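Student: Need coordinates for the following:
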Amino acid sequence: MARIAFIGLGNMGLPMATNLLRAGHDVTGHDPVAEAPGIPRAPDALTAAKGAECLITMLPGGAHVRAVYASGALAAMAPGALVIDCSTIDVADARAAHASAAEAGLATLDAPVSGGVGGATAASLTFMCGGTAAAFAQAQPILAAMGKRIVHCGDAGAGQAAKICNNMILGISMVAVAEAFVLAEKLGLSHQAMFDVAANASGQCWSLTSYCPVPGLVPASPANNEYRPGFATALMLKDLRLAAGAAKSAGANTALGQHAADIFARFAEAGGAGLDFSAVIRAVREP
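Tutor: Down below sits the predicted model:
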């Protein structure tokens, strides 16, 4: 079992750290804001990282990750230690984080996740990993305590690339499903009929069959719980903006991704930022 420093104990980080504890790892956590019942706490990232064999970060943005790496935490870790960033950040920030860890002589992985708070709690997350094959192999026993699917996507930054591309698909498809249901309503088609057809025809997708934005059709959907997240609109907007920035840097045409970002931005500004992203159907009904 490994001695792990876990930085970022919010909605995702706390259940992830809890699952590491349950698996028998020695976990010390730090978060400047969030409460973390059951997790031994350190006053700062540097203290948490002293002698750690693994440092995991789960933070809001690239600047937060860089601040942890610049705090002296990397130099305080055990020789041959592993650094894993599970945050969703810009690809360029991820590659800069890799470079910082490499300068400290540490193996490193960018490993953003999919599965939301439910997946974090159930230890069923998907990890999209970027880094060397050796770092990936070193990380697998640790990631296995928090997730069910662990994919090596390529070199440094590849995990973040996979995450933002996947979530661009998710954001676009949720808007498409929402628009289809609203059109069906206006054409006099019942929600159940629309679902029964599309869920078993060429319109089938995860946003429809696993996370339907209309209440009463999919048991686990946040639509059945007043759109409590789940995966908040603010986080989807963040990911869509990361995808847009990456597309601009790479010279890629992602017109639908940008359009979805615009729709989610208007919904967030109108008060939907804290609701699950499937609540975007409200913005489609009342533009």
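Student: rest of the way, CA atoms for contacts and neighbours
Tutor: Fine.
Student: V83: which element?
Tutor: strand 82-85 (DSSP states H and E).
Student: for the helix or strand just after that strand, which positions count as buried?
Tutor: Using DSSP H and E, the helix or strand that follows strand 82-85 in sequence is helix 91-103. Neighbour counts over helix 91-103 (16 or more other Cα atoms under 10 Å) mark 91-98, 100-101 as buried.
Student: same deal with stretch 171-186?
Tutor: Buried residues in stretch 171-186 (16+ other Cα under 10 Å): 171-182.
Student: Equivalent analysis for stretch 39-55, please.
Tutor: 39, 41-42, 44-55.
Student: Also stretch 128-141?
Tutor: 128-132, 135-136, 138-139.
Student: if we can go back for a sec, what is the nearest of the buried residues of stretch 39-55 to I84?
Tutor: Of all the buried residues of stretch 39-55, L55 has the smallest distance to I84: 6.1 Å, by Cα to Cα.
Student: got the CA positions of stretch 216-226 in PDB?
Tutor: Below are the C-alpha coordinates for stretch 216-226, written out as PDB (Å, rounded to 0.1, in the frame of the first residue of the first chain):
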ATOM      1  CA  GLY A 216     -39.400  10.100 -15.400                       C
ATOM      2  CA  LEU A 217     -37.700   8.300 -18.300                       C
ATOM      3  CA  VAL A 218     -34.300   7.200 -16.900                       C
ATOM      4  CA  PRO A 219     -34.200   6.400 -13.100                       C
ATOM      5  CA  ALA A 220     -30.700   7.700 -12.500                       C
ATOM      6  CA  SER A 221     -31.100  11.000 -14.300                       C
ATOM      7  CA  PRO A 222     -30.700  14.300 -12.300                       C
ATOM      8  CA  ALA A 223     -33.900  15.400 -14.100                       C
ATOM      9  CA  ASN A 224     -35.700  13.300 -11.500                       C
ATOM     10  CA  ASN A 225     -34.200  15.200  -8.700                       C
ATOM     11  CA  GLU A 226     -34.700  18.900  -9.700                       C
END
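Student: pLDDT on the longest helix anywhere in the chain, on average?
Tutor: What stands out as the longest helix in the chain, according to DSSP state H, is helix 158-186. In this model, helix 158-186 carries a mean pLDDT of 97.
Student: and the next element down the chain from it?
Tutor: Scanning forward in sequence from helix 158-186 by DSSP H and E, the next helix or strand is helix 191-198.
Student: For the closest residue in space to C86 that isn't next to it in sequence, grab the count of nearby residues.
Tutor: Among residues not flanking C86 along the chain, P112 sits closest, at 4.3 Å (Cα to Cα, 6 or more residues apart in numbering). Counted by other Cα atoms under 10 Å, the residues lying close to P112 total 25.
Student: Right, I'll call it a day here.
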